[in-house]
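> Below are the sequence and a predicted model; questions follow.
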Amino acid sequence: MRIYLATGNKNKKKEMCELLDGHTILIPSDEGIDFNPDETGTTFYENSLIKARALYETVRCPVIADDSGICVDALGGAPGIYSSRYAGPLFMRGKPDNSRISQEEQNIMLIDQLNEALRQGNLPDGEYLHGERSCHYTCAMVMYCGADRIFAAQETFEGILIDDIKNQAGDGGFGYDPIVFLPEYGRTVAQLTADEKNNISHRGKAVRALKRIIGE
């Protein structure tokens, strides 16, 4: 099946090609499509639907879109849907001029922000799966086949945010992966092989749910 992926992120395309082998996966830039919809949703699901619908209107072909991010429990789930735009505690939802900082800066700022929150002890109530440094990735994924044919799955991937950028490890994955430690594996997400990550990640679990639908 020919499936479009509503993203400009080539790392996501690579993961999806591995997860949906046997299908042709295309992103807008593969065909010179200008694609940059305004993600005005307030949830991962809403943003994934916005992106899927926008690309479908252009290609008129099945589209998969996902919206994902890292959620730090002690920060009330932040940065969440603003993970790609996060620019530290002063700009949790991104800078006013929409400029982006480097991923390395994002990683440093997020660790420092969590460390400061823990020092102050002003933490939200709730269960912390792996203690006060618990975090998780969330992925909401939509397959859009027309206005009245929409399939969705949302999954999570739990870990621990490391306490110092000096302890980041691994050169696999992307984004916040080098600073998310997995206790059961004794490694960061960035230290997993591609197969290991796809087997347990938020995106891997969500796409397998949609893969069953595709197969039917």
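Thanks, I have it.

> What is the neighbour count of the closest residue to residue 37 other than its chain neighbours?
Nearest residue to residue 37 in three dimensions, chain neighbours excluded: residue 54, at 4.1 Å (C-beta to C-beta, 6 or more residues apart in numbering). No exception for glycine: its C-beta is placed from N, CA and C like everyone else's. Other residues near residue 54 number 19, with proximity taken as other C-beta atoms under 10 Å.

> From residue 62, how far off is residue 54?
As judged by C-beta to C-beta, to the nearest Å, residue 54 and residue 62 stand 14 Å apart.

> Going along the chain, name the strands of this protein.
If you assign secondary structure with DSSP state E, the strands in the chain sit at 2-5, 24-26, 63-72, 78-79, 134-144, 150-161, 180-182, 187-188.

> Now tabulate those in TSV and tack on distance to residue 116 and mean neighbour count.
Output for the strands of the chain, formatted as TSV (distance: least, C-beta to C-beta, whole Å; neighbours: other C-beta atoms under 10 Å):
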stretch	distance to residue 116	mean neighbour count
strand 2-5	37	20
strand 24-26	41	16
strand 63-72	12	26
strand 78-79	13	24
strand 134-144	15	23
strand 150-161	13	19
strand 180-182	19	22
strand 187-188	22	19
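
> Tell me which of the ones you listed sits nearest to residue 171.
strand 187-188 (10.3 Å; C-beta to C-beta).

> Check the offset of that closest one from the chain's centre.
17 Å (C-alpha atoms, centre = their mean, to the nearest Å).

> And that strand, what does it pack against?
strand 180-182 (3 or more C-beta pairs under 8 Å, 6 or more residues apart in numbering; DSSP states H and E).

> Which helix or strand in the chain has the lowest average pLDDT?
Here the helix or strand of the chain ranked lowest by mean pLDDT, DSSP states H and E is helix 10-19, holding a mean of 85.

> Quick one: residues in contact with the biggest helix by length in the chain.
Criterion DSSP state H: the longest helix present in the chain is helix 103-120. Residues from elsewhere that reach helix 103-120 (C-beta atoms under 8 Å, 6 or more residues apart in numbering): 70, 72, 74-75, 79, 86-89, 101, 123, 132-133, 161-165, 168, 174-176, 178-179.
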